[in-house]
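# Structure here, sequence nowhere to be found:
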């Protein structure tokens, strides 16, 4: 465990990073991160990398790929964003968040370089760029056998795109971050396809035709080798199982039967197929069946259809756009048998809020709108008015903050469950920020020891 002194230093580091440009303020360029990595000796080139982009499913797919490599005996470095509760989660070494002493040492290694590049560039290094560099250096120092790197936003000019990946992965692409990526899925796909490297392998989840057309044009232009879900690999069978699902996947080099995945939703089966194909094409062979079984039995995806509590059942999902909300709604409808569902929604103001509400409306019986602690949170009164327009006034309630909203929903579900033969549940969604705060709130309500933000 981290010492109190370590926790104090980590808090100082985190606050110093937060004073930099926020992740939501984008100046599309690789100039700063390229200059920083050059000054650091290009640590991102000292190990092979897998690069994962897309709109939805990136983090879960990244975690699945990481689990497969670890089961194969690789020492892995995994970089994901954003974090749920601690910024240490973003940098994972062999499946665990970077330890306190590791983050402190790595930050001390690069702090002067951050200041140096700040002094030489028209814009300072951002929070995300600094975190990306920290991950690259930590993985080089560990050292890792392979880096599994998730794109932050977009692709072409994302800070992670200074890697020279052997395999690029593109998860499903939809509308999100239009203010930076474009107003159409074609424009967004073009930006995200920027991670595809010359003569590399490219693994693609199933995409809309217009997206697939853009991606394949980039593949051809880069003389890359494509592997497409539904063509070179696919999910051939999926059955519901206690605690998840049982799937059979036709990989690039062979069939994997009866693989248990402790996650819910058809989209997670698709993510698993993409992960298997990715590791297959990197290795160039069919994977050992036992390796695949063990890797997926141990996979986790915090904040993604995660059951946090029983009696009443409380599920949290980080869906923050219509595509994610549709996957959430489909999973609730097809894989759970709840008599009624209380939704708790706290979403950011720059999202397609109406699109999210419309996707959730068919499966949510009563909706409690609220807001999380982000300065980008959509005000609860604004969200309430939008929700009433979709759900009707009798189905929508509002609470001033996330804790009171969750408490209210849990209390109402408990009362219903006491007088009904069926089971009612609470689903909390709308944002990664909402998911992270919900995990802490539910633990507190349940009387579980508080999460140590910087625990090892």
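Structure's in. What do you need? This structure is a prediction, so every number in the text was calculated from the model and none was measured. Numbers count the residues shown, from 1 in each chain.
# which stretches of the chain have low pLDDT?
Low-confidence segments of the chain, defined by pLDDT under 70, are located at 1, 24, 176-182, 448-456.
# Quick check: longest helix in it by residues?
helix 100-120 (DSSP state H).
# Remind me what whichever helix or strand comes after it packs against, helices and strands.
Using DSSP states H and E, the helix or strand that directly follows helix 100-120 along the chain is helix 127-141. Counting by 3 or more C-beta pairs under 8 Å, 6 or more residues apart in numbering; DSSP states H and E, the packing neighbours recorded for helix 127-141 are helix 4-18, helix 31-39, strand 76-79, strand 91-93, helix 100-120, strand 146-150. In short, each C-beta sits where N, CA and C put it, glycine included.
# now do 7 Å
Packed against helix 127-141 by the contact rule (3 or more C-beta pairs under 7 Å, 6 or more residues apart in numbering; DSSP states H and E) you find helix 4-18, helix 31-39, strand 76-79, strand 91-93, helix 100-120.
# For the longest helix of the chain, give me every contacting residue.
When contacts are defined by C-beta atoms under 7 Å, 6 or more residues apart in numbering, helix 100-120 is touched by residues 2, 6, 9-10, 13, 32, 35-36, 39-40, 88, 124-125, 130, 133-134, 137-138, 141, 454, 456.
# which residue packs closest to the most centrally placed residue in the chain, ignoring adjacent ones?
The chain has residue 59 as the residue nearest its centroid, 3.2 Å off, counting by C-alpha atoms, centre = their mean. Leaving aside its chain neighbours, residue 59 sits nearest to residue 80 (5.0 Å; criterion: C-beta to C-beta, 6 or more residues apart in numbering).
# List the residues that contact the one you found.
Per C-beta under 7 Å, 6+ apart, neighbours of residue 80: 59, 62, 90, 150.
# Please repeat the previous calculation with a cut-off of 10 Å.
52, 58-60, 62-63, 66, 89-92, 135, 148-152 (C-beta atoms under 10 Å, 6 or more residues apart in numbering).
# Residue 224: neighbouring residues, count only.
Using other C-beta atoms under 10 Å, residue 224 has 18 other residues around it.
# Need phi/psi at it.
Main-chain torsions, residue 224, degrees, to the nearest 10: phi -90, psi 170.
# thought it was touching residue 200?
Yes. The pair residue 224 / residue 200 is scored as a contact, 5.1 Å apart, by C-beta atoms under 10 Å.
# shared neighbours of these two, which are they?
167-168.
# if I look at the residue nearest to residue 59, how far off is residue 251?
24 Å (C-beta to C-beta, to the nearest Å).
# next one: residue 210
In terms of C-beta to C-beta, residue 210 sits 27 Å off from residue 251.
# same deal with residue 76?
20 Å.
# Can you pick out the residue with more neighbours from the two?
Taking neighbours as other C-beta under 10 Å, residue 76 and residue 251 compare with residue 76 leading, 24 against 21.
# what about residue 257, which SS state?
strand (DSSP: H, G, I helix; E, B strand; the rest coil).
# which SS state does the nearest residue to it once chain neighbours are set aside fall under?
Spatially, and ignoring its direct neighbours in sequence, residue 257 is nearest to residue 248 (4.6 Å; C-beta to C-beta, 6+ apart). When classified by three-state DSSP, residue 248 comes out as strand.
# Excluding chain neighbours, what is closest to residue 378?
residue 349 (4.1 Å).
# Would you agree that neighbour is in contact with residue 372?
No. Between residue 349 and residue 372 there is no contact under C-beta under 10 Å: 11.2 Å.
# more neighbours, the two?
Higher neighbour count among residue 349 and residue 372: residue 372, with 22 against 14, using other C-beta under 10 Å.
# how about residue 369, phi and psi?
Per degrees, to the nearest 10, the backbone of residue 369 is at phi -100, psi 150.
# what are the bridge partners for it, then?
Bridge pairing for residue 369 (DSSP bridges) gives the partners residue 345, residue 398.
# I'd like to know how far it sits from residue 352.
16 Å.
# Could you check which of these two has the larger neighbour count?
Each of residue 369 and residue 352 has its neighbours counted (other C-beta under 10 Å); residue 369 has more, 27 against 19.
# From residue 397, how far off is that one?
From residue 369 to residue 397 the distance is 7 Å (C-beta to C-beta).
# Overlap of the contact sets of the two?
With C-beta under 10 Å, 6+ apart as the test, residue 369 and residue 397 both reach 344, 384, 387, 405.
# Any chance you could list what contacts the helix or strand encompassing the third one?
Residue 387 belongs to helix 380-391 when elements are defined using DSSP H and E. Under the criterion C-beta under 10 Å, 6+ apart, residues 343, 345-347, 349, 353-354, 356-361, 364-371, 377-379, 393-402, 405, 430 lie in contact with helix 380-391.
# Buried residues, it. List them.
380, 383-384, 386-388, 390-391 (16 or more other C-beta atoms under 10 Å).
# Can you give me the domain boundaries for this protein?
Residue ranges for the domains of the chain, per automatic domain parsing: 4-297, 306-445.
# What separates the first and last residues of the longest one, distance-wise?
Going back to what we said before, that points to domain 4-297. 35 Å (C-alpha to C-alpha, to the nearest Å).
# in stretch 10-26, what counts as buried?
10, 13-14, 17, 20-21, 23-24, 26.
# Can you give the distance of it from its chain's centre?
Put simply, stretch 10-26 sits 20 Å off its chain's centre (C-alpha atoms, centre = their mean, to the nearest Å).
# Could you do stretch 428-445 as well?
On C-alpha atoms, centre = their mean, the centre of stretch 428-445 falls 15 Å from the chain's centre.
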